[in-house]
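[1] Sharing a model prediction with you, sequence too.
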Amino acid sequence: KGIRFELYRTLTSGVTMNTYQYQTDSPLGLLRLFADNTHLLAILWENDAPNRVVLPKSETVQEHDVLQETASQLQAYFAGTRTAFDVPTRLSGTDFQQQVWHALQTIPYGQTRTYKDIAIALGRPTASRAVGAAIGKNPLSIVIPCHRVLGVTGRLTGFAGGLDSKRFLLDLEQAPTSSV
């Protein structure tokens, strides 16, 4: 159950930006947490699809406050003692992706929405598939609760962590879903 930090360097507009990785165990397997100096950037699954969220190469470092706090909040969430996250985040995506990710953050703990519900809430009622594509690029699984989004019939559909992980998270939150 080792926890590892790794330092990443990214060139952004000619300025070197450090990005750090923290690996922590969870009931769903290893989670990889990424942050810059002050903000959480990504939470990736152990078997996450390559290039779903692109991150640079690494060097090892000793500690990181945002990543340790995120890991602590995730452990409390998995223990059932936390229903929301309050770590600072920095999201990188298109305007539409940002709108979808913001909409996901309005879904209350223990509740679900459909892709169509999200599309309607964004004023784009025919954009369910585009909503699904944006959700598929969500870099902050669990913290931005894409697991709370279901197909129009209430069935479990795509999830970067796998459908078993999605079911686990919904069961943890006691959100009703139809059987798959």
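    Looks like it arrived, so ask away.
[2] Check which helices and strands the longest helix seen in the chain sits against.
    For the chain, the helix that runs over the most residues, judged by DSSP state H, is helix 65-78. Contacts defined by 3 or more CB pairs under 8 Å, 6 or more residues apart in numbering; DSSP states H and E place helix 65-78 against strand 15-24, strand 31-35, strand 40-45. Just so you know, the C-beta spots here come from the backbone N, C-alpha and C atoms, and that holds for glycine as well.
[3] could those strands go into TSV alongside mean neighbour count, distance to residue 121 and mean pLDDT?
    Converted to TSV, the helices and strands packed on helix 65-78 look like this (neighbours: other CB atoms under 10 Å; distance: least, CB to CB, whole Å; pLDDT from 0 to 100):
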stretch	mean neighbour count	distance to residue 121	mean pLDDT
strand 15-24	17	32	79
strand 31-35	24	28	92
strand 40-45	23	24	93
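[4] Save those strands as TSV, and put in distance to residue 51 too.
    Below are the helices and strands packed on helix 65-78 laid out as TSV (distance: least, CB to CB, whole Å):
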stretch	distance to residue 51
strand 15-24	16
strand 31-35	14
strand 40-45	11
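[5] mind listing the helices for this protein?
    Using DSSP H, helices in the chain cover 65-78, 95-104, 115-121, 128-136, 163-172.
[6] Figure out which of the ones you listed is closest to residue 145.
    helix 95-104 (5.8 Å; CB to CB).
[7] avg pLDDT for that closest one?
    Regarding helix 95-104, the rounded mean pLDDT is 96.
[8] That one - contacts with which helices or strands?
    For helix 95-104, the packing partners by 3+ CB pairs under 8 Å, 6+ apart are helix 115-121, helix 128-136.
[9] Other residues contacting the first one?
    Counting contacts by CB atoms under 8 Å, 6 or more residues apart in numbering, the residues outside helix 115-121 that touch it are 100, 103-104, 106, 113, 125-132, 135, 149-152, 157.
[10] re the thing from before, so can I have JSON lines of the helices and strands packed on helix 95-104 showing mean pLDDT, distance to residue 165 and mean neighbour count?
    Formatted as JSON lines, the helices and strands packed on helix 95-104 follow (pLDDT from 0 to 100; distance: least, CB to CB, whole Å; neighbours: other CB atoms under 10 Å):
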{"stretch": "helix 115-121", "mean pLDDT": "96", "distance to residue 165": "18", "mean neighbour count": "19"}
{"stretch": "helix 128-136", "mean pLDDT": "96", "distance to residue 165": "14", "mean neighbour count": "19"}
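[11] Right, I'll leave it there.
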